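> Give me the fold of what follows.
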Amino acid sequence: MQHTPDSLWLEILETLGESAFNDIYLRQVSPRSLNKASFNVAVPSDYTQDELENRYLSDITKVLSDRISSDCALEISVDASLAKVPETEKNEHTSEDNTPEVTGLNPNYVFDNFCVGQSNRICHATAYAASKDLGGEYNPLFIYGGVGLGKTHLLHAIGNCVQHESPNRKVLYVTSETFMNEYIDSILNRTSAQGFRSKYRKADLLLIDDIQFLQRKEGTQEEFFNTFNDLYLNSNQIVMTSDRSPSMLENLEERLSSRFEWGMVAEIDKPNFELRLMILKRKCEDQGFDNIPDEVLHYVAEIVTANIRELEGTLVSLKARASLLDEELSIDLARSVLNDTSTPTKERSRRRAVTPVTIQKLVAEHFQLKNGDLISAKRTKVLVYPRQIAMYLCRELTQLSLADIAEAFNRQNHRTITYACEQVEELLEDDETQKVIQLLIDELT
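Numbers count the residues shown, from 1 in each chain. Predicted coordinates for the structure are as follows:
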């Protein structure tokens, strides 16, 4: 791996532990240059240099030896300008800024096209109420539930409603992963730290998706804790989504999870048959699918029960199969698409649950590997491809969060899972990979 000064410094911080991201002395370090003999960094004062050397020199030297070479030394210089806030940044954030700001919203996700049923009625009502009364009774609003049930749709709907009715409001939608990455960038690039805090703490409405990814991220948790307090004390609205309730979030500071319950906690559940059928009919209207018989829609609504995303995807697949094969949209075609030849409902319910362990065992067997190979630290070519496929199947066939999947593969960072899935998605254009994936899915389901 080719290191840059910034990437190496980030690795050093990760090696030192999550608390390093908030350390007052480490935050003042500015990486400058790197070669095999030395890693040069700058700090704003002699005092910071002394503290850095006294506290961390031996640990940093060990990382340099492991990552670069045993001859690589840490060289620290003093640059007094680092202690000064650049004039452009000072002007940017100290002057009054009345420009409305809307970031990250999908205009297609609004309340009008959100299908409401028994399983999501409370979530929809509280989300709509929060959009009409920012910082009011439902602040913060915490929405939780499984994958593909409409949590993200509601987040965007809140933002779009506020933007439409109060265009001068600052609305910000991000995922927790984006928040974490921007926080880390603000550490590596000290001049952006004030801009990072200003961006989040001046938002009238902060919408943050998949908050569960803050688990085990101590430094990011600390920063979000301060952001949360600032917004809440100024009566700015906070809305969060998660795959589980606040009380079920592990490796999250208690003071943070308890704040998530200050306002309203609402669960969004799996859609019942009536809601699934309503969603399918709405999808047909939106996509112009006007030739799908009602009996086919009823069949799909009965069979596909996991989540809305899978339900809509099945409908698109059904339409595409009929078009490609020039066949009528019939029950037989639907059964073929769903790989479900009229299996009784009770029999379907007895299918084995798909877990990371069952996926790992099957993939290892298919590629003639040992069961432990896929969760080992080995990165040989013969293991990378099967391991990535196993990670991809875990994301597609289970409702586990990326962080949970990473833990199942003995990985510390869920970005490894994201990268693996992206690699497999690129390979799906290859017929051989498609056959392997479909074969494994058929066996698992």
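
> Which parts of the stretch 251-400 of the chain are helices?
Here the stretch 251-400 of the chain has its helices, by DSSP state H, counting those that start in this stretch, at 254-259, 273-287, 294-303, 308-325, 331-337, 345-349, 356-366, 381-397.

> Dump those helices to JSON lines, plus mean pLDDT.
Compiled in JSON lines, those are given as follows (pLDDT from 0 to 100):
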{"stretch": "helix 254-259", "mean pLDDT": "88"}
{"stretch": "helix 273-287", "mean pLDDT": "84"}
{"stretch": "helix 294-303", "mean pLDDT": "84"}
{"stretch": "helix 308-325", "mean pLDDT": "77"}
{"stretch": "helix 331-337", "mean pLDDT": "78"}
{"stretch": "helix 345-349", "mean pLDDT": "39"}
{"stretch": "helix 356-366", "mean pLDDT": "89"}
{"stretch": "helix 381-397", "mean pLDDT": "89"}
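
> With mean neighbour count and distance to residue 177 added, can I get the ones you listed in CSV?
(Glycine included, C-beta is placed from N, CA and C.) Rendered in CSV, the data for the helices of the stretch 251-400 of the chain read as follows (neighbours: other Cβ atoms under 10 Å; distance: least, Cβ to Cβ, whole Å):
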stretch, mean neighbour count, distance to residue 177
helix 254-259, 14, 17
helix 273-287, 17, 28
helix 294-303, 18, 33
helix 308-325, 16, 19
helix 331-337, 17, 33
helix 345-349, 10, 35
helix 356-366, 18, 21
helix 381-397, 20, 14
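
> For those, give me CSV that also has distance to residue 248.
Formatted as CSV, the helices of the stretch 251-400 of the chain follow (distance: least, Cβ to Cβ, whole Å):
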stretch, distance to residue 248
helix 254-259, 9
helix 273-287, 25
helix 294-303, 29
helix 308-325, 22
helix 331-337, 35
helix 345-349, 25
helix 356-366, 18
helix 381-397, 20
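
> got a list of what the nearest residue to residue 414 once chain neighbours are set aside touches?
Excluding its sequence neighbours, the residue lying closest to residue 414 (Cβ to Cβ, 6 or more residues apart in numbering) is residue 402, at 3.8 Å. Neighbouring residues of residue 402 by Cβ atoms under 8 Å, 6 or more residues apart in numbering: 213, 395, 414, 417, 418.

> what about residue 402, distance to residue 253?
20 Å (Cβ to Cβ, to the nearest Å).

> Residue 175 is nearest to which of the helices of the stretch 251-400 of the chain?
helix 381-397 (15.3 Å; Cβ to Cβ).

> what sits up against that closest one?
Helix 381-397 is contacted by residues 354, 356, 359-360, 363-364, 366-367, 369, 373-374, 376, 400, 402, 405, 408-409, 416-417, 420-421, 423-425, 436-437, 440-441, 444-445 when judged by Cβ under 8 Å, 6+ apart.

> mind redoing it with 6 Å?
Here helix 381-397 makes contact (Cβ atoms under 6 Å, 6 or more residues apart in numbering) with 354, 356, 359-360, 363, 367, 373-374, 405, 417, 420-421, 423-424.

> Could you identify which of the contacts of residue 402 has the most neighbours?
Neighbour counts for these peak at residue 417, which has 25 neighbours (criterion: other Cβ atoms under 10 Å).

> A strand includes that one, no?
No. Secondary structure of residue 417 (DSSP: H, G, I helix; E, B strand; the rest coil): helix, not part of a strand.

> Can you read off the pLDDT for it?
Note on residue 417: pLDDT of 88.

> how much space is there between it and residue 67?
Counting by Cβ to Cβ - residue 417 and residue 67 are separated by 23 Å.

> got it, and residue 391?
25 Å.

> Quick check: nearest residue in space to the residue lying farthest from the centre of the chain, chain neighbours excluded?
In the chain, the greatest distance from the average C-alpha position (Cα atoms, centre = their mean) is reached by residue 46, at 40.4 Å. Leaving aside its chain neighbours, residue 46 sits nearest to residue 78 (5.8 Å; criterion: Cβ to Cβ, 6+ apart).

> Tell me how far the one you found lies from residue 42.
For residue 78, the distance to residue 42 - Cβ to Cβ - is 7 Å.

> One more: residue 306?
53 Å.

> Between these two, which is the more surrounded one?
A direct count of neighbours by other Cβ under 10 Å for residue 306 and residue 42 places residue 42 higher, at 20 against 15.

> Which residues are in contact with that one?
Contacts of residue 42 (Cβ under 6 Å, 6+ apart): 30, 32, 77, 79.

> Are any of those buried, and if so which?
Neighbour counting by 16 or more other Cβ atoms under 10 Å classes residue 30 among the contacts of residue 42 as buried.

> Please identify which pair of the contacts of residue 42 lies farthest apart.
The widest separation within these (Cβ to Cβ) is 9.6 Å, between 30 and 77.

> Residues contacting the host helix or strand of residue 432, please?
Applying DSSP states H and E as the criterion places residue 432 in helix 431-444. Helix 431-444 is contacted from outside by 354, 362, 427, 428, using Cβ under 6 Å, 6+ apart.

> what about the closest residue to the third one other than its chain neighbours, neighbour count?
Spelled out, that is residue 427. Nearest in space to residue 427, with sequence neighbours left out and distances taken as Cβ to Cβ, 6+ apart, is residue 433 at 4.4 Å. When neighbours are counted by other Cβ under 10 Å, residue 433 registers 16.
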